[in-house]
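Asker: Sequence first, predicted coordinates after that:
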Amino acid sequence: MLGGTEFAGRAVVEAALGRGWEVTVFHRGRHEPPAGAVSLLGDRTAPDGLAALARGEWDLVVDTWSADPAVVRDSARLLADRVGRCAYVSSRSVYAWPPSVDLAEDGPVVDSSPDATGVPYAEAKRGGELAAIAAFGEERVLSGRAGLIIGPWENVGRLPWWLNRIARGGPVLAPGPRDLALQYIDVRDMARWLLDASEAGLSGPYDLVSEPGHTTMGELLDACVRATGSDAELLWRDPEAVLGAGIEPWSGLPVWIPPGEPYEAMHGADVSKALAAGLRCRPVGETVADTWAWLRGLGGVAPLRTDRPAVGITPEQEAKALGL
């Protein structure tokens, strides 16, 4: 596992250890890997930073890198002759804009290169796919194109923000419509599928989110109220009221995107290919409850990535949208 101490990488390591697999975690030493994993230290962005990977053989390497594709390229080249298969955690952001209705894996993707540096997220993830393929060959690379990922260990802060806000109680701005369908994936379901699919020898791209309508905005926030046991009162407001208060979708109110083209891009994926290959997504209530239990164990403070902007709104913004 390249990484493996935070969120998606950690979920993969935990899932592999749970199967009795022998797991090696290559990381920078900023966080402790899960107990039971062999730890190798190195910085993929530093000169000679891959030295700890110069020896050894493995059946599978999993990579979640989301910055310069050249970093994926260098590690893939080093490992390709000593590793059986590669699973790269990519993103549905690789698809060209604007997305088509019911976008699937055969949709057009952005232009990128395995040698790219300093490129935006979509090009970085597409370049990472290309870098892995260039080193391992198409038949040995599985690209899991994830959408919205939530669950325990989340270090972006989307679901933790909602849980903490609802736990505080009182009137809570709930962005409508209440029945707005959501697609996401619990990080543990993604990890399990990646390992199953790799063990089965699957290759190529797979969109990894729940089926359309797996849950709704209302069901998600109701689950947050139940999990936290708070006295929060969800006050639903239509998109116009929310946007009129200067609140940004997705970043201001995490997860929420009003109906329209961006919404269709995020929550309108055709995931029949992954479902046919065994993807199963747990109920939203389980994801929310487990994330709250994890968050409470940390005192309510999620470990946030420093390379992502903070999410959430201020009390003043919330009051304005609610007309209070």
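Answerer: Looks like it arrived, so ask away. Numbers count the residues shown, from 1 in each chain.
Asker: tell me, which helix in this structure spans the most residues?
Answerer: helix 121-136 (DSSP state H).
Asker: buried stuff in that helix?
Answerer: 122-136 (16 or more other CB atoms under 10 Å). All C-beta atoms are positioned from the backbone trio N, CA, C, and that covers glycine.
Asker: Can I get that helix as PDB, trimmed to CA atoms?
Answerer: The C-alpha coordinates for helix 121-136 follow below in PDB (Å, rounded to 0.1, in the frame of the first residue of the first chain):
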ATOM      1  CA  TYR A 121      -7.100  17.300 -10.000                       C
ATOM      2  CA  ALA A 122      -8.900  15.800 -13.000                       C
ATOM      3  CA  GLU A 123      -5.800  15.800 -15.100                       C
ATOM      4  CA  ALA A 124      -3.800  14.500 -12.100                       C
ATOM      5  CA  LYS A 125      -6.000  11.500 -11.700                       C
ATOM      6  CA  ARG A 126      -6.200  10.700 -15.400                       C
ATOM      7  CA  GLY A 127      -2.400  11.000 -15.600                       C
ATOM      8  CA  GLY A 128      -2.100   8.600 -12.700                       C
ATOM      9  CA  GLU A 129      -4.200   6.100 -14.500                       C
ATOM     10  CA  LEU A 130      -2.000   6.500 -17.600                       C
ATOM     11  CA  ALA A 131       1.200   6.200 -15.500                       C
ATOM     12  CA  ALA A 132       0.100   2.900 -13.900                       C
ATOM     13  CA  ILE A 133      -0.900   1.500 -17.300                       C
ATOM     14  CA  ALA A 134       2.300   2.600 -18.900                       C
ATOM     15  CA  ALA A 135       4.300   0.600 -16.300                       C
ATOM     16  CA  PHE A 136       2.100  -2.400 -15.700                       C
END
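Asker: and it, what other elements does it pack with?
Answerer: Where contact means 3 or more CB pairs under 8 Å, 6 or more residues apart in numbering; DSSP states H and E, helix 121-136 is packed against helix 69-79, strand 83-91, strand 141-146.
Asker: Would you mind finding the most buried of the ones you listed?
Answerer: strand 141-146 (a mean of 25; mean count of other CB atoms under 10 Å).
Asker: which neighbours does that strand have in its sheet, and in what orientation?
Answerer: Strand 141-146 has the following strand partners under DSSP bridges: strand 83-91 (parallel), strand 204-208 (parallel).
Asker: Let's have the ones you listed in a markdown table, adding mean pLDDT and distance to Ala274.
Answerer: Converted to a markdown table, the strands paired with strand 141-146 look like this (pLDDT from 0 to 100; distance: least, CB to CB, whole Å):
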| stretch | mean pLDDT | distance to Ala274 |
| --- | --- | --- |
| strand 83-91 | 98 | 13 |
| strand 204-208 | 98 | 5 |
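Asker: Nearest to Glu32 among the ones you listed would be which one?
Answerer: With CB to CB as the criterion, Glu32 lies closest to strand 83-91 of the strands paired with strand 141-146, at 21.0 Å.
Asker: if we can go back for a sec, including distance to Val61, could the helices and strands packed on helix 121-136 go into JSON lines?
Answerer: Listed next are those as JSON lines, based on distance: least, CB to CB, whole Å:
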{"stretch": "helix 69-79", "distance to Val61": "6"}
{"stretch": "strand 83-91", "distance to Val61": "5"}
{"stretch": "strand 141-146", "distance to Val61": "10"}
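Asker: Between the ones you listed, which one is closest to Phe7.
Answerer: Among these, strand 83-91 sits nearest to Phe7 (CB to CB), with 10.2 Å.
Asker: A helix includes Ala174, no?
Answerer: No. Remark: Ala174 does not belong to a helix; assigned using DSSP: H, G, I helix; E, B strand; the rest coil, it is strand.
Asker: give me the element Val61 is part of.
Answerer: According to DSSP states H and E, Val61 maps onto strand 58-63.
Asker: If you count contacts, what does that strand end up packed against?
Answerer: Using 3+ CB pairs under 8 Å, 6+ apart, strand 58-63 sits against helix 69-79, strand 83-91, helix 187-199.
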